[in-house]
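Undergrad: Sequence and predicted structure, then a few things I'm wondering about:
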Amino acid sequence: MNAGDRTTTIINLGPQHPSTHGVLRVVLELDGEFVVNARPDIGFLHRGIEKLSESRTYHQIIVLTDRLDYLAAMSNNLAYVLTIEKLLGIEAPKRAQYVRVILAELQRIASHLFWLGTHAHDLGAMTPLFYCLREREQILDIFDAVAGSRLTPSFMRIGGLASDINREFPQKVSSFVSEFASRVDEYETLLSENPIWLSRTKGIGVLPQEEYLDLGLSGPLVRAAGINWDIRKSEPYSSYADFDFAVPQGSAGDVFDRYLVRIKEMRESAKIIKQAVEGLPEGLWADFNSPAIFPPKSDTKKDIASLIRHFNLVMEGIKAPTGEVYHSIEAPRGELGFYIVSNGSVMPLRLKVRPPSFVNLQGLARMTQGRMLSDVVGIIGSIDIVLAEVDR
Amino acid sequence: MKLALLREKLGDLMTDADEFRGELTIYVDKKDILPVCRILKDQLFFNYLSDLCGVDYWPQTPRFCVVYHLYSFPRNHRLRVKVFLNEECADVDSVTAIWAAADWHERECFDLLGIRFANHPDLRRILLPDDFSGHPLRKDYPLEGKQ
């Protein structure tokens, strides 16, 4: 292909390439080893989750949200149930809100760990992956014990949680977070001053300051560029205002700063979890006064009214008021929002996911322009995409 | 976000407004979408397009609606803008020149609902293959079947 007076080469990166982290195809136009243009081609994993949601009741959609960003299923659950709670005008009890925070922050750590391990692996560092997966496994074990599932827990419910946490949960979580800070130190000894890591990440993937917001980027990507925006702080939900934590920021906005921001975020998440476990209020795990909430399972075996309510919720569902709501949370990858249009029936008229990965991936073309081919792998990794969420 | 301020800045460009669960929605005529978005960005600090999507209200008329979710960093508030479109002329001006983020959102909206965005730099299908026929998020498109 001719670009001006020089001949360029077109190559495919993906869809079967280990460092695309899923089925992403990037059509690269190269001038020698330099990228002239990068065109992401997505949709290989499109399952029509938004279409499917229009024929499911509000409760049934919870399991679909797990399958959006499978590395942060708890965050998806949380964003969705908060949106429906806003639509219905109900609020989960304080205990449920704290447990949700613990689970969402554990999920953030697990997601960042997986990102760190695979990203380092892409750039030639083999060891961090083993370290990261070791701790991630502990988190998944906690999820398994509380929800009965590791990757797709579907543990949150409209108005609260599926059940109360088990007795060992607070102690398990505490022992995990108390050791976690030293584990993060271990990852840092492997990478933060490693000359190979520095030379592959410093000064790469930077955008002009004004383009971050113009392109709609969010999450660690914008914080690495020194933009102080975290939805947990700017529009606190689920009792985040009760906790004391910092919003780590970078300055250069390069791949290295994105690494540092995520490392610091994991430390902050551990602090939030510690506070939430210590301050965990007693009480119920769901707002059982609301007709939209499933009664406790044990009650359905004892009294007929609970059984009928359970039956009605399963067979019919919740009739939500007519209206529309948008609610977003700070997911590990950025602003994760749900927009729901209700026409008063038991199913949404329209459900739109605002996926952070999809929007962040839009920045890839600009970030890679003029960079070397070898940097593209690092930049894709630093955006931290999950293709299941990009394609929905 | 104060409704009075919006009224003052937008005047007749805003056809209607409502509030539900603390979220403000304004309605705009499709011919006015560019001037309205320009004012919202330049004078009311809505510098971030969170989301853009289409809704199909079939069998009601007007059938389609394009929904813009805006966020203002300096003011920390949100706003929803809605534009209704008839089935016969389901097209609206692209806002990519105002917020670059609209690019993929508008392509997705075109892909899944068949709403066309005038002056979009590259209006192609994004999630579905190029040879796919139909727009699956339309309400008259079957949920199951083969193509």
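TA: Structure's in. What do you need?

Undergrad: now the end-to-end length of stretch A:327-338.
TA: Length of stretch A:327-338, first residue to last, C-alpha to C-alpha, to the nearest Å: 6 Å.

Undergrad: Ok, stretch A:7-21 next?
TA: Length of stretch A:7-21, first residue to last, C-alpha to C-alpha: 30 Å.

Undergrad: does any bit of that stretch sit next to chain B?
TA: No - residues of stretch A:7-21 are not located near chain B by C-beta under 8 Å from any C-beta of the partner chain, the shortest gap being 12.9 Å. Bear in mind the C-beta positions are built from the backbone N, C-alpha and C, glycine included.

Undergrad: By mean pLDDT, flag the weakest helix or strand of the chain.
TA: Looking at chain A here, since you left the chain open. strand A:2-3 (a mean of 53; mean pLDDT, DSSP states H and E).

Undergrad: Around chain B, which positions in the stretch 1-150 of chain A sit nearby?
TA: A:Ile42, A:Gly43, A:His46, A:Gly48, A:Glu50, A:Lys51, A:Leu52, A:Glu54, A:Ser55, A:Lys86, A:Leu87, A:Gly89.

Undergrad: In the residues you listed, which residue is surrounded by the most others?
TA: With neighbours taken as other C-beta atoms under 10 Å in any protein chain shown, the top of the residues of the stretch 1-150 of chain A next to chain B is A:Leu87, carrying 26 neighbours.

Undergrad: Please identify the helix or strand for that residue.
TA: Remark: A:Leu87 resides in helix A:73-88, with elements defined by DSSP states H and E.

Undergrad: residues in chain B within reach of chain A, list them.
TA: B:20-21, B:23, B:25, B:47-51, B:53, B:55-57, B:67, B:69, B:73, B:76, B:78, B:80, B:99-101, B:103-105, B:112, B:125-129, B:136-137, B:139, B:141, B:143.

Undergrad: Counting only strands, which of those make the cut?
TA: B:20, B:23, B:25, B:48-51, B:53, B:55-56, B:67, B:69, B:78, B:80 (DSSP state E).

Undergrad: taking those residues as a set, which two sit the farthest apart in space?
TA: The span of those, defined through C-beta to C-beta, is set by B:Tyr48 and B:Asp56 at 26.0 Å.

Undergrad: what about dumping the CA coordinates of the helix or strand in which A:Ser357 is found to CSV?
TA: Under the criterion of DSSP H and E, A:Ser357 resides in helix A:356-361. What follows is helix A:356-361, C-alpha atoms only, in CSV (Å, rounded to 0.1, in the frame of the first residue of the first chain):
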residue,chain,number,x,y,z
PRO,A,356,-15.4,0.9,30.0
SER,A,357,-13.4,-1.5,27.9
PHE,A,358,-15.3,-0.6,24.7
VAL,A,359,-14.8,3.1,25.1
ASN,A,360,-11.2,2.8,26.3
LEU,A,361,-10.3,0.7,23.3
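
Undergrad: relative to strand B:48-56, how tilted is the longest helix along chain B?
TA: Counting residues, the longest helix found in chain B (DSSP state H) is helix B:102-113. Taking axes from the mean of the first three to the mean of the last three C-alpha atoms, to 10 degrees, one finds helix B:102-113 and strand B:48-56 inclined to each other by 10 degrees.

Undergrad: close enough to count as contact, A:Leu213 and B:Asn47?
TA: Yes - A:Leu213 lies in contact with B:Asn47 (C-beta atoms under 8 Å); the separation is 5.7 Å.

Undergrad: Give me the common contacts of the two.
TA: B:Phe73 (C-beta atoms under 8 Å, 6 or more residues apart in numbering or on different chains).

Undergrad: which residues are in contact with the helix holding A:Ser357?
TA: Contact with helix A:356-361 is made by A:24, A:40, A:42, A:69, A:215-219, A:221, A:331, A:333-336, A:383-387, A:389-390, A:392, B:101, B:104-105, as judged by C-beta under 8 Å, 6+ apart.

Undergrad: In a markdown table, list the ones in strands among the residues of chain B next to chain A along with pLDDT and neighbour count.
TA: Output for those, formatted as a markdown table (pLDDT from 0 to 100; neighbours: other C-beta atoms under 10 Å in any protein chain shown):
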| residue | pLDDT | neighbour count |
| --- | --- | --- |
| B:Phe20 | 89 | 15 |
| B:Glu23 | 90 | 18 |
| B:Thr25 | 92 | 17 |
| B:Tyr48 | 92 | 24 |
| B:Leu49 | 93 | 25 |
| B:Ser50 | 92 | 24 |
| B:Asp51 | 93 | 25 |
| B:Cys53 | 92 | 25 |
| B:Val55 | 93 | 22 |
| B:Asp56 | 92 | 24 |
| B:Val67 | 94 | 21 |
| B:His69 | 94 | 23 |
| B:Arg78 | 91 | 21 |
| B:Arg80 | 92 | 22 |
